[in-house]
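[1] What would the 3D arrangement of this be:
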Amino acid sequence: TQKMAELLGLGDECEEGASGAPTLAGSCLADNRLNLDVYPDCCRRFLQLFEGRRREVVQVEFLRLSSNDRLLGTTLDILPHMKHLKSLVLKGGHARDEFGACQHGSLTSLPPDIGNLRCLTHLDLSFNSLSTLPSGILHLPSLRVLLVSHNSLVALPKDFGSLSKLTFFSAMKNQLRDLPQSIGELALLQVLDFSENALECLPEEIGNLHNCTELDLSGNRLSSIPDSLANLKSLRRLHLHSNLLVTVPASLASLPNLSRLDLQNNCLRAVPPEIQTSPFVCLRGNPLGETEPSPQADESSGGELQRLFLASGEDSFTVTSEGCKVVLACGIRFYFPPGAASDPLRIYFRSLAPNPQWVKLRHHDVLLSRVLELQPHGVTFQQEVQIWMPYASPQTLHEREVVVRTFSGQSWSDLKTRVEQKRKSKKHVAQCSVLHFSWFLVVSRLVQNECKVPTEGTLLFSSVDPNIKVTFPPGVTEETRSVKLQVLPISAEEIEEITADAGCRASLLLCLSQNSLVDFLRPVRIQLPLPPGVTGLNLDRSRLHLLHGDLEGQTWDDITSQVVLEFTHLYAVFEVTHFSWYWLWYTTKTYIGGIAKKVYERLRMYQVNFIALQRKKDPEQVLLQCVPKHKVDPVLKKLQDRYRGPEPSDMVEMFEGEQFFAAFERGISIDMDRPDCVDGRLSFIFYSHLKNMKEIYVTSPVDRKGQAVKGQVSFYRGAVPESIPEDASRRRKGPDSLWLATLPIKLPRLKPRWGENPSPLNSFSFPPLNLGNAETGYLTQANLLSIARRVGADWQTIGLNLGLTYQQIERIGYNNREDLDKQILDMLFSWAQQNSEDPDCVSKLITAVKQSGRQDIADEVETIIELGRQKYRESIRRVGLEQESSTEDSAIAMT
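    Below you'll find the predicted structure:
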């Protein structure tokens, strides 16, 4: 790295990292590759490199930049000078908005002379703001792979077919309404993705794509498809789910290579027998066999609505004027009555992790679900749409109630909610009705009683304790007001535990609020039960205090001397004109305001423990979790068969919605490129009824030399939450006060590398593999393992493109359902062992990863193969070795 820095003239920018190894701060340049999209200021770094060492930079063949950079415009002007570029990635999505969603990049066009890049074969412009395809793209003579997904394209150029060498094109998640006829001129095209657009029809010329193996048209507005699709003899997968199809050509069943035809969630009432009986066709979510409803039919007439069941990978569906019932994979359900949408409407949904920066919980609120976002925002339905949201059931519902809360873009408000429990699964569900879509979540709040107060006055009492009454006399207000009442019950045991004083007593905590900033015109009469154990017969008035607290609970004032207190045998009665928190205390203490503040703070806290467990079969896989104290034993019992580790940490206290971090220390580290990694620490948000859990892989940057590494993980507090009590905020300042707990982590001594030892490892055995042949170069076990580390969640797509069947993929996923790495390894080595005798297997692997949109892996494989070829040719020229010796050298060079 130091030598590379000197070559690029970066000098001082090459500095030592945490482990003592030099790291290049200015760039990530390796050979002919320049990867800068991992840096937030990537364009500035690129411009510095170009200015300092232009000659070396213009030789780069693979370039990655983020289009979320403000210096993007200046950078674009330089690109046409990089004549050797083969792969260019200008993606957005590296930054996130306040809701956690990927922000699209600022790219709206490319320089006109971008067509000068004669060598460019791969161009990725995903997650940007393109409304039209830049004209210069059509002049790239070598372009084979083009990705423009997640943009705002409304049309493609009429001469789009001039990209004669294109083999892969993805335009998913745009706004395309039709396609140019020239699409049929892309004779070499193999993969075409137009999913999640607004296509209403297809040109007949699409049937000219004779080399197309995969066509994705899902999530559009197609009511029919052309018969010419039956000409796609190479087609293996055709995705047409989530459209408005009412018919499909019977000729699709005769496509010789078709292994998957997805027609789920359409409007098909009848399909040709050839398709319905075909084993590779999926028809779930269609109203098959139902008669067409009459225009006058409604739900009461007994007509059955269309039912849509969405799989886990889907994120949208279409609603028509006929209405429908929708069930998401996560259990959320919708009911769209007939006439709710006048025209076909595409609904998009996603589940977001709650972020306390915009999910504002009130005091004593408990979050019970993730955030559900429904789009399009603001569209008004003609009739109310019903939503059922599953939620984590709180321990007790007697003094609390569950509501669905929605965000308008400016503020949160609670919806009228009905809760139910499913008979079979026993899961709890919250139901609400809405006329427009936005963001929704489920919370548990203190039971809220409310009423309208007219000028004539009224009476309001608590449903938690009917003995709590608020009387509004006539003339109390000039205009009708809305008043809310909430009660927080507190047991005598809690008061005694917190105050360490058996003589302290306190009543229920009463909160009153209104929608007006003006005080009442006449005093409002309030009746509160006396604290437990206190009656009018044994009452010592000098020990009774009425406290008034602000709505944030930061200050508590003794107002006993400012009001007239009346007593009965069981109640205290007083009058006020201002609404806030009110609390009766019975104690000999003098500074009662400070004691009440301490108790109120503790009532908002949760006692929790931290656990750090390692998977028994793979100790480098660590599970971290913050668990409420009463749940620790059940959680550990559930995990004990698969994990081992130290005892839970000592008990600490946290607020609902509080941020905390986990840091691995003493020779153990994690991947710093994780989106939830902040300054080398994993970020968590504590919610008492959600799973505050992450399972990650750890490594040791030091050379273990066969020895185990004894490290640790420590937990630290994050930023001080908003509106927490002043005392709590003060105690959390300074580095020492942020530490919460530390637990040991032990990594066993290193095992032999995958593939070096043919003995079984985690139920897998890797026999020696040499894919390919001597002249074209080999791929060995080590090469495959290096590739496996980059595959990630795309393993299923790559496996299908390699020729594995859906049944094989499902079996691999099931057998290794708790370990992604094992799924990837099982898929790759299963394919490799089946094709080890095929001399073209390496080229098939390259093609498969390209079809899966992973040009980066294809480039790596091609580089390995080219090194093998060079080594073979050099060895033949140099010493005239026989083929077997050359083969061995080639394999050694690649490993």
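
[2] Show me the residue at the heart of this protein, geometrically.
    Closest to where the C-alpha atoms of the chain average out (CA atoms, centre = their mean) is L352, at 5.7 Å.

[3] Pretty sure L747 sits against Q712.
    No: in this structure L747 lies outside contact range of Q712 using CB atoms under 8 Å: 11.4 Å. The C-beta positions use only the backbone N, C-alpha and C, and glycine is treated the same way.

[4] For these two, list the residues in contact with both.
    Residues touching both L747 and Q712 (CB atoms under 8 Å, 6 or more residues apart in numbering): I668.

[5] higher neighbour count, the two?
    L747 (20 against 17; other CB atoms under 10 Å).

[6] Looks to me like F664 is in a helix.
    No: counting by DSSP: H, G, I helix; E, B strand; the rest coil, F664 is not found in a helix; it is strand.

[7] ok, it to F610 distance?
    13 Å (CB to CB, to the nearest Å).

[8] which residues of the stretch 501-650 of the chain score low on pLDDT?
    551-553 (pLDDT under 70).

[9] So which residues of it form helices?
    For the stretch 501-650 of the chain, the helices defined by DSSP state H, counting those that start in this stretch cover 592-603, 632-639.

[10] what's the answer for the stretch 251-400 of the chain, then?
    Under DSSP H, counting those that start in this stretch, the stretch 251-400 of the chain gives helices at 273-276.

[11] Which parts of it are strands?
    Applying DSSP state E, counting those that start in this stretch to the stretch 251-400 of the chain gives strands spanning 260-262, 281-282, 306-309, 316-319, 324-327, 333-336, 345-352, 366-367, 371-375, 385-391, 400-407.

[12] and the residue nearest to the centre of the chain, how far is that from A329?
    Using CB to CB, L352 is found at 16 Å from A329.

[13] same check, this time on G645
    Counting by CB to CB - G645 and A329 are separated by 32 Å.

[14] Over to S316?
    According to CB to CB, S316 and A329 sit 13 Å apart.

[15] Looking at the two, which is more packed in?
    Neighbour count, other CB under 10 Å: between S316 and A329, S316 has more, with 18 against 11.

[16] didn't that one look like it was pressed against R346?
    Yes: counting by CB under 8 Å, R346 is a contact partner of S316 at 5.9 Å.

[17] what's the overlap in contacts for the two?
    Common neighbours of S316 and R346 (CB under 8 Å, 6+ apart) are G219.

[18] Whatever helix or strand Q486 lives in - contacts with which helices or strands?
    Under the criterion of DSSP states H and E, Q486 resides in strand 481-488. Applying 3 or more CB pairs under 8 Å, 6 or more residues apart in numbering; DSSP states H and E, one finds that strand 481-488 makes contact with strand 439-446, strand 448-453, strand 458-461, strand 469-472, strand 509-514.

[19] Quickly find the element holding E695.
    With DSSP H and E as criterion, E695 is part of strand 692-697.

[20] ok, now E810?
    Secondary structure from DSSP H and E places E810 in helix 806-815.

[21] Can you check which of the helices and strands packed on strand 481-488 gets nearest to R33?
    strand 439-446 (40.2 Å; CB to CB).

[22] List the buried residues in the closest one.
    W439, F440, L441, V442, V443, S444, R445, L446 (16 or more other CB atoms under 10 Å).

[23] quick one: A858 is in a helix?
    Yes: counting by three-state DSSP, A858 falls inside a helix.

[24] Contact partners for it?
    I846, V849, K850.

[25] right, and the last one touches F168 too?
    Yes: counting by CB under 8 Å, a contact exists between K850 and F168, whose distance comes to 6.2 Å.

[26] For these two, list the residues in contact with both.
    Shared contacts of K850 and F168, defined by CB under 8 Å, 6+ apart, comprise V145.

[27] where does the stretch 251-400 of the chain have low pLDDT?
    289-304, 312-313, 394-398.

[28] Show me how far the host helix or strand of F829 is from its chain's centre.
    Using DSSP H and E, F829 sits within helix 820-834. Its chain's C-alpha centre and that of helix 820-834 lie 26 Å apart, by CA atoms, centre = their mean, to the nearest Å.

[29] That one - what's its average pLDDT?
    Across helix 820-834, the average pLDDT comes to 84.

[30] Now do whichever helix or strand comes after it: which elements does it pack against?
    Sequence order places helix 841-851 as the next helix or strand after helix 820-834, per DSSP H and E. Contact partners of helix 841-851 among helices and strands, from 3+ CB pairs under 8 Å, 6+ apart: strand 771-773, strand 777-779, helix 795-801, helix 855-879.

[31] same thing but 10 Å
    Where contact means 3 or more CB pairs under 10 Å, 6 or more residues apart in numbering; DSSP states H and E, helix 841-851 is packed against strand 771-773, strand 777-779, helix 781-791, helix 795-801, helix 820-834, helix 855-879.

[32] can you pull the buried residues of that helix?
    In helix 841-851, counting by 16+ other CB under 10 Å, buried: C841, V842, K844, L845, I846, T847, A848, V849, K850, Q851.

[33] Could you do stretch 370-383 as well?
    Buried residues in stretch 370-383, counting neighbours by 16+ other CB under 10 Å, are found at R370, V371, L372, E373, L374, Q375, F381.

[34] who's in contact with the residue of the chain most remote from its centre?
    Relative to the centre of the chain, the most outlying C-alpha is that of L537, 60.4 Å out, by CA atoms, centre = their mean. For L537, the contacting residues are H569, by CB atoms under 10 Å, 6 or more residues apart in numbering.

[35] With N208 instead?
    Contacts of N208 by CB under 10 Å, 6+ apart are G161, Q181, I183, G184, E185, L186, A187, L189, S228, N231, L232.

[36] Any idea how many residues pack against the fourth one?
    Using other CB under 10 Å, the number of residues around G184 comes to 20.

[37] you'd agree it is up against G161?
    Yes: using CB atoms under 10 Å, G184 is in contact with G161, at 6.9 Å.

[38] So for the two, which residues contact both of them?
    Common contacts of G184 and G161, defined by CB under 10 Å, 6+ apart, comprise E205, N208.

[39] can you state the direction angle for the longest strand that the chain contains and helix 632-639?
    The longest strand of the chain (DSSP state E) is strand 605-615. Taking axes from the mean of the first three to the mean of the last three CA atoms, to 10 degrees, strand 605-615 and helix 632-639 form an angle of 20 degrees between their directions.

[40] So which bits of strand 605-615 are buried?
    Neighbour-count burial for strand 605-615 flags M605, Y606, V608, N609, F610, I611, A612, L613, Q614, R615 (criterion: 16+ other CB under 10 Å).

[41] Looking at these, spot the one nearest G285.
    Using CB to CB, R615 comes nearest to G285 of those, at 37.3 Å.
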